[in-house]
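S.K.: 3D, please:
(one chain, ligands or ions: 2)
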Amino acid sequence: MTTIRVLFIGDVVGLTGRTMFQKHIDRIRQTHAIDAIIVNGENSGSQGRGITSRIAQFFKHNGANVITTGNHIWYNREIYSYLDKNTDVLRPANFPRSSPGVGVTTFSCKGYEIGVINVQGRVFMRDLLECPFRTVESLITYLKDKTNMIFVDFHAETTSEKMGLAYYLDGKISGLVGTHTHIQTADERILPGGTGYITDLGMVGSLNSMLGMQKEPIIHNFLTQMPVKFSVDTSSPVVMSGVWMEVDVSTGKTVAIERIRVIDDALEVGSQDDE
Ligand SMILES: [Fe+2]
Ligand SMILES: [Fe+2]
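M.R.: Ligands and ions are numbered 1, 2, ... in the order given. Model (predicted):
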């Protein structure tokens, strides 16, 4: 049986997340015999929001095959033209067709094509987006001619919406990973139809932060209801979270899944982030 092992890494937050990714990704790839890497970069920009074309190149240089995103994709305008010219950075597919970029792509790995779809949830998020269920369904129809290995990054807030889409697609895709909440769930498994699933990958960022951002201003905001400036937390320990799935190339079904959570107690993060 020929298989391909794909590693998914959750939302990388700012310079802290990028430094952590760069320091540990090679070792993780070797330890777990990873063939391909898909990383969510929606928070990889300097303020924990958005992504730039230089950061996209940084991820590619460090082994990422595809970079998925989410609701923060529009924060840095610099990425818009990159999205229009390249498909290795995806934006959620259910934004209006006129918005920059696309939400679906394929890449080759060990001589096989692998499809990737990025889509955003609507529950407690932007409910004006197209239905994620129907959007993914039509993209699967488009991809089926090219490959039987399809992975979905569902960037959504609620467990029920993520689980609902995973069950809806079970047996039609190889795997679905949830992103956006930045908190890793412990429910990774293979669904009855052969689709690998985890409700949320978690993030790459400071462990004792709030979703990668310094907690003090956010607590102040809860107490006072006054606007505050959010800053990326650079303190250690830093966590890197994700999951790998091993897919049988002949059936497109996932045959193994394992959760990844690496903690670095002393990560040296620079003080200046020029992105
Ligand atoms: Fe995020
Ligand atoms: Fe998000």
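S.K.: Enumerate the residues of the stretch 1-150 of the chain near ligand 2.
M.R.: Listed as neighbours of ligand 2 in the stretch 1-150 of the chain under the rule Cβ under 5 Å from the ion: 70-71. Where C-beta positions appear, they are placed from N, C-alpha and C, glycine not excepted.
S.K.: where along the stretch 1-150 of the chain do the strands fall?
M.R.: Here the stretch 1-150 of the chain has its strands, by DSSP state E, counting those that start in this stretch, at 3-9, 11-12, 36-40, 66-68, 104-109, 112-120, 150-155.
S.K.: same question, the stretch 151-275 of the chain
M.R.: According to DSSP E, counting those that start in this stretch, the strands that the stretch 151-275 of the chain contains are 175-179, 189-190, 196-198, 203-206, 238-248, 254-264.
S.K.: if I look at the nearest residue to A33 once chain neighbours are set aside, how far off is ligand 1?
M.R.: Residue nearest to A33 in three dimensions, not counting chain neighbours: R5, with 5.9 Å by Cβ to Cβ, 6 or more residues apart in numbering. Separation of R5 from ligand 1 (Cβ to the ion, to the nearest Å) stands at 24 Å.
S.K.: cool, and I117?
M.R.: I117 is 18 Å from ligand 1, where distance means Cβ to the ion.
S.K.: Tell me which of the strands of the stretch 1-150 of the chain sits most buried.
M.R.: Neighbour counts (mean count of other Cβ atoms under 10 Å) averaged over each of these peak at strand 11-12, with a mean of 30.
S.K.: what's the closest of the strands of the stretch 151-275 of the chain to F58?
M.R.: The closest of the strands of the stretch 151-275 of the chain to F58 is strand 203-206. By Cβ to Cβ, the value is 12.9 Å.
S.K.: wait, doesn't V136 sit right on A156?
M.R.: No - shown here, V136 and A156 do not form a contact pair, counting by Cβ atoms under 8 Å, at 11.8 Å.
S.K.: neighbour count winner among those two?
M.R.: A156 (29 against 26; other Cβ atoms under 10 Å).
S.K.: Identify the single longest helix in the protein, thanks.
M.R.: For the chain, the helix that runs over the most residues, judged by DSSP state H, is helix 14-31.
S.K.: Would you mark the buried spots in it?
M.R.: 14-21, 23-25, 28-29 (16 or more other Cβ atoms under 10 Å).
S.K.: what would those residues look like in a markdown table with pLDDT and distance to R91?
M.R.: Shown next, in a markdown table, are the buried residues of helix 14-31 (pLDDT from 0 to 100; distance: Cβ to Cβ, whole Å):
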| residue | pLDDT | distance to R91 |
| --- | --- | --- |
| G14 | 98 | 19 |
| L15 | 98 | 22 |
| T16 | 98 | 23 |
| G17 | 98 | 19 |
| R18 | 98 | 20 |
| T19 | 98 | 25 |
| M20 | 98 | 24 |
| F21 | 98 | 20 |
| K23 | 98 | 27 |
| H24 | 98 | 26 |
| I25 | 98 | 23 |
| I28 | 98 | 26 |
| R29 | 98 | 26 |
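S.K.: So of those, which two are at opposite extremes in space?
M.R.: Within these, G14 and R29 form the most distant pair, 22.4 Å apart (Cβ to Cβ).
S.K.: OK, now which residue of the stretch 151-275 of the chain is nearest to ligand 2?
M.R.: Proximity of the stretch 151-275 of the chain to ligand 2 (Cβ to the ion) peaks at H180, 3.9 Å away.
S.K.: Number of residues surrounding that residue?
M.R.: Neighbour tally, H180, other Cβ under 10 Å: 27.
S.K.: Please verify my assumption that it contacts H155.
M.R.: Yes - counting by Cβ under 8 Å, H180 does reach H155; the two are 4.6 Å apart.
S.K.: ok so, going back, rebuild the strands of the stretch 151-275 of the chain as a markdown table, extending it with mean neighbour count, mean pLDDT and distance to ligand 1.
M.R.: Converted to a markdown table, the strands of the stretch 151-275 of the chain look like this (neighbours: other Cβ atoms under 10 Å; pLDDT from 0 to 100; distance: least, Cβ to the ion, whole Å):
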| stretch | mean neighbour count | mean pLDDT | distance to ligand 1 |
| --- | --- | --- | --- |
| strand 175-179 | 30 | 98 | 7 |
| strand 189-190 | 14 | 98 | 23 |
| strand 196-198 | 28 | 99 | 15 |
| strand 203-206 | 30 | 98 | 7 |
| strand 238-248 | 25 | 98 | 12 |
| strand 254-264 | 17 | 98 | 17 |
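S.K.: Fine, thanks again, bye for now.
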